[in-house]
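**Student:** 3D, please:
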Amino acid sequence: MPQYSRTGDGYKRLAESLTGGQASRFYIFHGEERYLLERSLDQLRKLLCPGGLDGFNYKRFEGKNITIDDIDDSINTLPAFADRTLVEIHDFDIFKSDDKKKLGELFSDLPDYACIVFIFNVIAYKPDGRTKADKEILKNADIVEFTVQGQDSLVKWIKRHFKDAGKTIGTVDAEYLVLITGGYMSAIFSEIGKTAAYAKGDVITRKDIDAVVIPILDAVVYKLTDALMRRKYTLAMRILDELLRMREAPQKLLFNISLKMRQLLAARICIESSLDKNALIEMCGIRHEFQARSLMDTARETTLKVCRDAVLLCADTAYALNSSAEPEAHLTELVLSFAKLTTGKLS
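**Tutor:** Numbering: from 1, shown residues only. Model (predicted):
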């Protein structure tokens, strides 16, 4: 049984097979993009259980409550008034089971009417391909990794859903929506509905997005570091106040600020070395091209020395913050120190 690719086309091939009315006998679903995973499960349910999830041809188990006998019984129960049975098993780590050998034997001889799906959600998908038992399980599975989608795919998807809502959105504003939501389709889908309902005009603007979409922490931190490097200190203090009102732990805020400063340092190093945004993406593991482009644009507004000193300031603040009774004050002091640094007044 051929496995789906783990590097991007697995979902596409799965979607094509389900659209064509075909489903395999044994799937393993895992990956960060829960929207696509849940959508695929929904398609699988509709295909195999057209009469509804009535309990005869559909079984769902949670990992902590299932036994090997439950799996065996579910697989070998004939469908009633349908061609197939669907068995969903959520968060059962087949690769850590004491009965891996028996599982391997079950999966190697599944009846044609059965379809069993293991969904890795809370627990991590970590097979050990070196062991015979894991190899036996993997050999018989169609493995689909639901990865976070790339920039071009997300932008097209956003435009399509706004069009369905009777609106249009430009590429730059679609990229901005991806940035402030973190790039996960489930979060973006929710915000598309809210933004389309709020917008008065036919074209979605940045102002419409900012009015209703609550940005993730990472996006707000980027606005802060961008404002600092561009010497917009009043804006930076306003953003810091916004961050503190988000009630996130000061240590978490500092971690995110430090990460952005390290990324800016990497971006400045790329500029100094005549490297482009692709080098930055590889160096820092950045998910979307426009994020790297924004970092490069900000890094051009400062110097290599300022970027290095900013990273060191974050390290000094981390040391002071962890032993302080008033950690928020150290974050305010950090922003003030950044202001002095970018104006050349830090001793």
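
**Student:** May I see the domains of the protein written out as residue ranges?
**Tutor:** Residue ranges for the domains of the chain, per automatic domain parsing: 10-145, 151-212, 217-342.

**Student:** ok, how many other residues are close to Trp157?
**Tutor:** Neighbours of Trp157 under the rule other C-beta atoms under 10 Å: 18. Where C-beta positions appear, they are placed from N, C-alpha and C, glycine not excepted.

**Student:** want to throw the domains of the chain into JSON lines with mean pLDDT?
**Tutor:** JSON lines is the format used below for the domains of the chain (pLDDT from 0 to 100):
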{"stretch": "domain 10-145", "mean pLDDT": "89"}
{"stretch": "domain 151-212", "mean pLDDT": "94"}
{"stretch": "domain 217-342", "mean pLDDT": "90"}
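
**Student:** Pro250 reaches Glu328, doesn't it?
**Tutor:** Yes - with contacts counted by C-beta atoms under 8 Å, Pro250 reaches Glu328, the gap being 5.6 Å.

**Student:** Neighbour count for these two, which is higher?
**Tutor:** Set Pro250 next to Glu328 and count neighbours by other C-beta under 10 Å: Pro250 wins out with 19 against 14.

**Student:** residue contacts, the more buried one?
**Tutor:** Leu321, Pro327, Glu328, His330, Leu331 (C-beta atoms under 8 Å, 6 or more residues apart in numbering).

**Student:** Go through those and say which is closest to Lys260.
**Tutor:** Minimum distance to Lys260 across the contacts of Pro250 is 13.7 Å, recorded for Leu331 (C-beta to C-beta).

**Student:** Is the closest one within a helix or a strand, and which one?
**Tutor:** Assigned by DSSP states H and E, Leu331 belongs to helix 327-342.

**Student:** Not counting that helix itself, show me its contacts.
**Tutor:** 224, 228-229, 231, 233, 236-237, 240, 243-244, 250-251, 253-254, 257, 302, 306, 309-310, 313-314, 317, 320-321, 324, 346.

**Student:** Export only the CA atoms of stretch 178-189, formatted as PDB.
**Tutor:** Written as PDB, here are the backbone C-alpha positions of stretch 178-189 (Å, rounded to 0.1, in the frame of the first residue of the first chain):
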ATOM      1  CA  VAL A 178      -2.000  35.500   7.700                       C
ATOM      2  CA  LEU A 179       0.700  37.300   9.700                       C
ATOM      3  CA  ILE A 180      -1.500  38.400  12.500                       C
ATOM      4  CA  THR A 181      -3.400  35.100  12.800                       C
ATOM      5  CA  GLY A 182      -0.300  32.900  12.800                       C
ATOM      6  CA  GLY A 183      -1.000  31.200   9.400                       C
ATOM      7  CA  TYR A 184      -3.300  28.500  10.700                       C
ATOM      8  CA  MET A 185      -6.400  28.000   8.500                       C
ATOM      9  CA  SER A 186      -8.800  27.300  11.400                       C
ATOM     10  CA  ALA A 187      -8.000  30.700  12.900                       C
ATOM     11  CA  ILE A 188      -8.000  32.500   9.500                       C
ATOM     12  CA  PHE A 189     -11.300  31.000   8.500                       C
END
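
**Student:** in it, what's buried?
**Tutor:** Residues of stretch 178-189 classed as buried: Val178, Leu179, Ile180, Thr181, Gly183, Tyr184, Met185, Ala187, Ile188 (neighbour count, 16 or more other C-beta atoms under 10 Å).

**Student:** Looking at the residues you listed, which is nearest Pro50?
**Tutor:** For the buried residues of stretch 178-189, the nearest to Pro50 is Met185 (26.1 Å; C-beta to C-beta).

**Student:** For the closest one, which non-adjacent residue is spatially closest?
**Tutor:** Closest residue in space to Met185, ignoring its immediate chain neighbours: Tyr35 at 3.6 Å, by C-beta to C-beta, 6 or more residues apart in numbering.

**Student:** Check Val221 too.
**Tutor:** According to C-beta to C-beta, 6+ apart, the nearest residue to Val221 is Asn256 (4.3 Å).

**Student:** for the strand or helix carrying that neighbour, which positions count as buried?
**Tutor:** Under the criterion of DSSP H and E, Asn256 resides in helix 250-272. Across helix 250-272, burial judged by 16+ other C-beta under 10 Å covers 250, 253-261, 263-271.

**Student:** Please apply the same query to stretch 204-218.
**Tutor:** Result for stretch 204-218 [16+ other C-beta under 10 Å]: buried residues Ile204, Asp208, Ile209, Val213, Pro215, Ile216.

**Student:** gap between the fourth one and Met237?
**Tutor:** Between Val213 and Met237 the distance, using C-beta to C-beta, to the nearest Å, works out to 23 Å.
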